[in-house]
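# I need the structure of the sequence given here:
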Amino acid sequence: MSTLKNHVQLIGNVGQEPQITNLESGKKVARFSLATNEYYKDTNGEKVQNTEWHTIVAWGKTAEIIEKYAGKGKEIGVTGKLKSRSYEDKDRIKRYVTEVEANEILLLGSKNDK
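Now for the predicted structure:
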């Protein structure tokens, strides 16, 4: 059960081309947004789509897979954990960010998808 304490699973579409950074150590990091959609019917019986955006960060081999195969619009599954951090923006205001640190990627959709 300890592996379920901070565990995230998402299936969605890559929002924009992943940003790949090559670190001095030779390791890669990939950063991209993932859109997940939820559908429901409102009080009038109309179908409504709700889209949530998630920031995904992946390191090493997982980042390499993303770089090669997970372009904009591609449907993927992500397994990982939530990570929170803070930073100061250019106006010296402290900002807080929560991201999904991916440790496993599942490529979905057809082979012809980009």
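# chain center to the host helix or strand of Ile76: distance?
Taking DSSP states H and E as the definition, one finds Ile76 inside strand 75-88. On the basis of CA atoms, centre = their mean, to the nearest Å, strand 75-88 sits 7 Å off its chain's mean C-alpha point.
# buried ones in whichever helix or strand comes after it?
Helices and strands here follow DSSP H and E; after strand 75-88, the next one along the chain is strand 94-107. By neighbour count with 16 or more other CB atoms under 10 Å, strand 94-107 contains the buried residues 99-102, 105. Backbone N, C-alpha and C define where each C-beta goes, glycine included.
# and the residue nearest to the spatial centre of the chain, what element?
Central residue of the chain (CA atoms, centre = their mean): Ile56, 3.0 Å from the mean position. If you go by DSSP H and E, Ile56 is part of strand 47-59.
# who touches Glu17 in this structure?
With contact set as CB atoms under 8 Å, 6 or more residues apart in numbering, Glu17 has these partners: 32, 71-72.
# quick revisit: got the buried residues for the strand holding Ile56?
Of the residues in strand 47-59, those with enough neighbours to count as buried (16+ other CB under 10 Å) are 54, 56-58.
# got JSON lines for these, with distance to Ile65 too?
Shown next, in JSON lines, are these (distance: CB to CB, whole Å):
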{"residue": "His54", "distance to Ile65": "18"}
{"residue": "Ile56", "distance to Ile65": "12"}
{"residue": "Val57", "distance to Ile65": "14"}
{"residue": "Ala58", "distance to Ile65": "8"}
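# between the residues you listed, which sits nearest Arg85?
Nearest to Arg85, judged by CB to CB, of the buried residues of strand 47-59 is Val57 at 10.0 Å.
# pLDDT below threshold where in this structure?
Applying pLDDT under 70 to the chain picks out residues 1-3, 110-114.
# what number of residues lie near the closest residue to Lys74 other than its chain neighbours?
Spatial nearest neighbour of Lys74, excluding adjacent residues (CB to CB, 6 or more residues apart in numbering): Val14 at 4.9 Å. Close neighbours of Val14, defined as other CB atoms under 10 Å, add up to 21.
# now do the contacts for Val14.
Applying CB under 8 Å, 6+ apart to Val14 gives the contacts 32-34, 70-74, 76.
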